[in-house]
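Undergrad: After the sequence you'll find the predicted model.
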Amino acid sequence: MSSANIVLSVPQRPRIVSTGAALRWTLIAVALGVIGLLIAMPLASVFAEAFRQGADAYFGALGDPMAIAAMKLTLIVAAIAVPLNLVFGVVGAWAIAKFEFRGKSFLIALIDLPFSVSPVVSGLVFVLLFGMQGWFGPFLIEHGVQIIFAVPGLVLATIFVTFPFVARELIPLMQQQGTQEEEAAVALGASGWQIFRRVTLPNIKWALLYGVLLCNARAMGEFGAVSVVSGHIRGATNTIPLHVEILYNEYNFVAAFAVASLLALLALLTLAAKAVLDWRLSVSPKPGERKT
Amino acid sequence: MTIDVADVSKRFGKFQALDSVSLSINKGEMITLLGPSGSGKTTLLRLIAGLDEPDGGDILFDGESVVGIGARHRAVGFVFQHYALFRHMTVFENIAFGLRVRPREQRLGPQEIHRRVDELLELVQVDWLAERYPHQLSGGQRQRVALARALAIEPKVLLLDEPFGALDAKVRKELRRWLRRLHDRTNMTSILVTHDQEEALEIADRVVVMGDGRIEQVGSPEDVYENPKSAFVLEFLGTVNRFRNGRPANADDTKTDEILLARPHEIGIEAEVNGPSVIRFIAPIGSTVRLEVETPSITDLIEVELPRFQFKRLGLKAGDRVRVTPLKVHTFR
């Protein structure tokens, strides 16, 4: 709209405008080209490869018991890790944004740690702690508890890697919102729980959903940390990403891409939900903002 | 309800926000806490509300200590400077909040709550905004809603933290007169924090002037204006001119016994052919006329305020040579 206005209002200087337009279109073309080459084409190729031998082969690969076991395991791990990180994230963000205490910046750094550490290292840490030769290894063996190369290890590694998502999303928002509404609520006689449920939570709900969404996408797609603690036992400790790797290494490309297409679908769904949430976040009023 | 503040201190890190402050407030009184920012007035208000706890001293409601009783159980109405309305609730729900969060056995029925909220909406004259959200309201409307919300719990004490600070001059004047009338109709005890001296003097039964975490003076508006107990109070409640040995002096002149202070309307001015001072600027402001007078070797101007009729009689104009003398002076040791 504005570019059209510029062209109409300064007809005596078409050359400059057209140079600007040319530059603009070149940049847009380059950007689209890069996105197409690096993102859209690989994404399309996943589905193309998955359907290379037809829909039967595709659904056959997805119906394979080992694939189904991997899907189940991924869902279980996410179903444990995401709710826990939701609670940790809300509690952590609440503490950081609404209270002053010593060691606050240390806590913030700690929450960010999983982002700065390579996932492989994160996985390795759990092996060193809970593995057979690890710190707690002998104790765990004695009590018949297996963490590494079992589901608890996968859950732990996933929780660790996805820990920052919810808190990171909430902290800036909650800091910006301040504590005034909570103070108003307490002066009106609300209890701590009532304040959280009726004032704080509604104010952060869209950001919270956003954080949970990203947390879930990562929990289901995590490879590095999970790969270290899993042990790759088929049908027992293989999540979807690990299952894809195994199939690929066995030159079972159609099955590998078929299973990978599930993760790609998850990504697309996440993207769509994220777009909706972005829109919700932008329409929900911010403090001090006034629409007249 | 009477409120007694006894020897209360509060410290934030290294900053002494309140330094053994004592104050007694009568039932049904309207008090303003007046002072520059950092003087401790908001801190005192928050301590009375129970939003913060004092480091030392006692706060009593009707003779009973409320220290250690959180804001939730003090049943005070608190109005915040930036309204602090619940942004995701409608105006109606904002006002109903205090009634809805009551323990089940004290809670009113839904119809009763509805009736009460409608009453309050009418009281603060925003009944047509019930279904709006806070971000759809103007500043004045938001403040009215914040007031209605605070009044919903039928508090015996109403605490207001610079309630009109963010509003334009006209709405501000209107709202504070309305607030004063509301206060007179109920038998609440009200405390209002402000840094606006005009507001403090207009609305209050008694003004508490604060500075540096201490109470400088407590008294009726006339009293603190006419008989300030310290240079701080005098200077905070309006413009002050300094004189030394009957001649104008600089505003930052040291406070020795020889320094005399006078307000603009407490200064005599007369034309004198070879007078020591010169009129630099004349500003007719409504019923009074303000003159700025320059004296050689003194950098600060003397501000003189004259009733219009007197100004006309004197026939002064810019550039005239004059002599200024303090008529009524304040000295402090």
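TA: It's in. Here the structure is a predicted model, which is why all the values come from computation and not from measurement.

Undergrad: helices or strands next to whatever helix or strand A:A55 lives in in the packing?
TA: Assigned by DSSP states H and E, A:A55 belongs to helix A:54-63. For helix A:54-63, the helices and strands in contact under the criterion 3 or more C-beta pairs under 8 Å, 6 or more residues apart in numbering or on different chains; DSSP states H and E are helix A:253-283. Every C-beta, even on glycine, is put in place using the N, C-alpha and C of the backbone.

Undergrad: got the angle between the helix it packs on and helix A:54-63?
TA: Interaxial angle of helix A:253-283 relative to helix A:54-63 (axes from the mean of the first three to the mean of the last three C-alpha atoms, to 10 degrees): 80 degrees.

Undergrad: Quick one: mean pLDDT for helix A:253-283?
TA: Helix A:253-283 shows a mean pLDDT of 85 in the predicted model.

Undergrad: Pull out the buried residues from it.
TA: A:254-264, A:266, A:270, A:273, A:277 (16 or more other C-beta atoms under 10 Å in any protein chain shown).

Undergrad: contacts for stretch A:104-116?
TA: By C-beta atoms under 8 Å, 6 or more residues apart in numbering or on different chains, the surrounding residues in contact with stretch A:104-116 are A:92, A:95-96, A:122, A:160-164, A:167-168, A:171.

Undergrad: Could you rerun that using 6 Å?
TA: A:92, A:160-161, A:163-164, A:167 (C-beta atoms under 6 Å, 6 or more residues apart in numbering or on different chains).

Undergrad: Return the member of the buried residues of helix A:253-283 nearest to chain B.
TA: Within these, distances to chain B taken as C-beta to the nearest C-beta reach their minimum at A:L277, with 15.9 Å.

Undergrad: got the contact list for that closest one?
TA: Applying C-beta under 6 Å, 6+ apart, the residues near A:L277 are A:206, A:209-210.

Undergrad: any idea which residue sits dead centre in chain A?
TA: With distances taken as C-alpha atoms, centre = their mean, the residue of chain A nearest its centroid is A:L214 (2.7 Å).

Undergrad: and that one, what element?
TA: A:L214 belongs to helix A:201-221, assigned by DSSP H and E.

Undergrad: Name the nearest residue to the residue nearest to the centre of chain A, sequence neighbours excluded.
TA: Among residues not flanking A:L214 along the chain, A:F165 sits closest, at 4.8 Å (C-beta to C-beta, 6 or more residues apart in numbering or on different chains).

Undergrad: how far away is that neighbour from A:M220?
TA: 13 Å (C-beta to C-beta, to the nearest Å).

Undergrad: One more: B:R290?
TA: For B:R290, the distance to A:M220 - C-beta to C-beta - is 74 Å.

Undergrad: Would you mind putting the contacts of stretch A:104-116 into TSV with neighbour count, secondary structure and pLDDT alongside?
TA: Shown next, in TSV, are the contacts of stretch A:104-116 (neighbours: other C-beta atoms under 10 Å in any protein chain shown; DSSP: H, G, I helix; E, B strand; the rest coil; pLDDT from 0 to 100):
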residue	neighbour count	secondary structure	pLDDT
A:G92	22	helix	91
A:F160	21	helix	92
A:V161	25	helix	91
A:F163	24	coil	91
A:P164	25	helix	92
A:A167	27	helix	92
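
Undergrad: Looking at those residues, spot the one nearest chain B.
TA: Top of the list for closeness to chain B, among the contacts of stretch A:104-116 and by C-beta to the nearest C-beta, is A:A167 at 21.5 Å.

Undergrad: dump the residue contacts of the closest one.
TA: Going by C-beta under 6 Å, 6+ apart, A:A167 touches A:89, A:92-93, A:111.

Undergrad: ok, now with 8 Å
TA: Taking C-beta under 8 Å, 6+ apart, one finds A:88-90, A:92-93, A:96, A:111, A:211 in contact with A:A167.

Undergrad: okay, those residues in CSV with secondary structure next?
TA: Listed next are those as CSV, based on DSSP: H, G, I helix; E, B strand; the rest coil:
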residue, secondary structure
A:F88, helix
A:G89, helix
A:V90, helix
A:G92, helix
A:A93, helix
A:I96, helix
A:I111, helix
A:G211, helix
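
Undergrad: Which members of these are the farthest-apart pair?
TA: Spatially, the most separated pair among the contacts of A:A167 is A:I96 and A:G211, at 14.0 Å (C-beta to C-beta).

Undergrad: Between these two, which is the more surrounded one?
TA: Set A:I96 next to A:G211 and count neighbours by other C-beta atoms under 10 Å in any protein chain shown: A:G211 wins out with 26 against 20.

Undergrad: hang on, isn't the more buried one packed against A:I171?
TA: No: the pair A:G211 / A:I171 is not scored as a contact, 10.0 Å apart, by C-beta atoms under 8 Å.

Undergrad: Which strands or helices does whichever strand or helix holds B:R72 pack on?
TA: According to DSSP H and E, B:R72 maps onto helix B:71-74. Here helix B:71-74 touches helix A:180-187, going by 3+ C-beta pairs under 8 Å, 6+ apart.

Undergrad: Please work out how many residues are found near A:P42.
TA: Counted by other C-beta under 10 Å, the residues lying close to A:P42 total 11.

Undergrad: Please read the previous query as pertaining to B:L159.
TA: Neighbourhood size, B:L159 [other C-beta under 10 Å]: 27.

Undergrad: Name the SS class of it, please.
TA: Going by three-state DSSP: B:L159 is strand.

Undergrad: swap in B:V209?
TA: Here B:V209 is recorded as strand under three-state DSSP.

Undergrad: which residues does it contact?
TA: Contact analysis of B:V209 by C-beta under 8 Å, 6+ apart lists B:34-35, B:215-218, B:224, B:232-233, B:236-237.

Undergrad: Over to A:L214?
TA: A:L214 makes contacts with A:165, A:169, A:270, A:274, as judged by C-beta under 8 Å, 6+ apart.

Undergrad: Which member of these is positioned nearest A:G20?
TA: Using C-beta to C-beta, the contacts of A:L214 come closest to A:G20 at A:K274, 32.6 Å.

Undergrad: so where's chain A shaky on pLDDT?
TA: Residue ranges of chain A with pLDDT under 70: A:1-19, A:283-292.
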